[in-house]
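Okay, sequence plus prediction incoming.
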Amino acid sequence: MKALNKLRTGEEGVVCNNELCAERLRDLGLVRGTRVRCLMRSPLGDPAAYLIRGALIAIRDEDASWVEVESGE
């Protein structure tokens, strides 16, 4: 397991723990079992854009660090 913000561009994971993340992130679909792919990062690396349930969502590294994912590839 690793934090969502540790996914590299093109890497995919499955959310396994989101108990500590903000309700806003859960409302965006970051719930247990959701497949997430890191599509791109800004030039400075923060924020990153993730494909979550068909939507492209930019999330700051600070927020993404609270979501744990397992390798999904």
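Yes, it's here. Residues are numbered from 1 along each chain as shown.

To which secondary structure element is Val36 assigned?
Per DSSP states H and E, Val36 falls inside strand 35-41.

which strands and helices sit next to that strand?
When contacts are defined as 3 or more CB pairs under 8 Å, 6 or more residues apart in numbering; DSSP states H and E, strand 35-41 sits against strand 12-17, strand 48-52. From N, CA and C alone the C-beta is placed, and that goes for glycine too.

Name every strand pairing with it and say which way it goes.
Strand pairing for strand 35-41, using DSSP bridges, gives strand 12-17 (antiparallel), strand 48-52 (antiparallel).

quick one: the spatially most central residue of the chain from Ala58, how far?
What sits nearest the mean C-alpha location of the chain, by CA atoms, centre = their mean, is Leu4, with 4.3 Å. Distance, Leu4 to Ala58, by CB to CB, to the nearest Å: 13 Å.

Now for these two: what residues contact both?
Taking CB atoms under 8 Å, 6 or more residues apart in numbering as the contact rule, Leu4 and Ala58 both touch Tyr50.

List the contacts of the lowest-mean-pLDDT helix or strand in the chain.
Using mean pLDDT, DSSP states H and E, the weakest-scoring helix or strand in the chain turns out to be helix 23-27, at a mean of 82. The contact list for helix 23-27, computed with CB under 8 Å, 6+ apart, reads 18, 59, 63, 66-67.

List the buried residues in it.
25-26 (16 or more other CB atoms under 10 Å).

Same check on stretch 36-51?
Residues of stretch 36-51 classed as buried: 36-38, 41, 47-50 (neighbour count, 16+ other CB under 10 Å).

Distance of the residue lying closest to Lys2 once chain neighbours are set aside relative to Leu44?
Closest residue to Lys2 apart from its sequence neighbours, by CB to CB, 6 or more residues apart in numbering: Val69 at 6.5 Å. Distance from Val69 to Leu44, counting by CB to CB: 22 Å.
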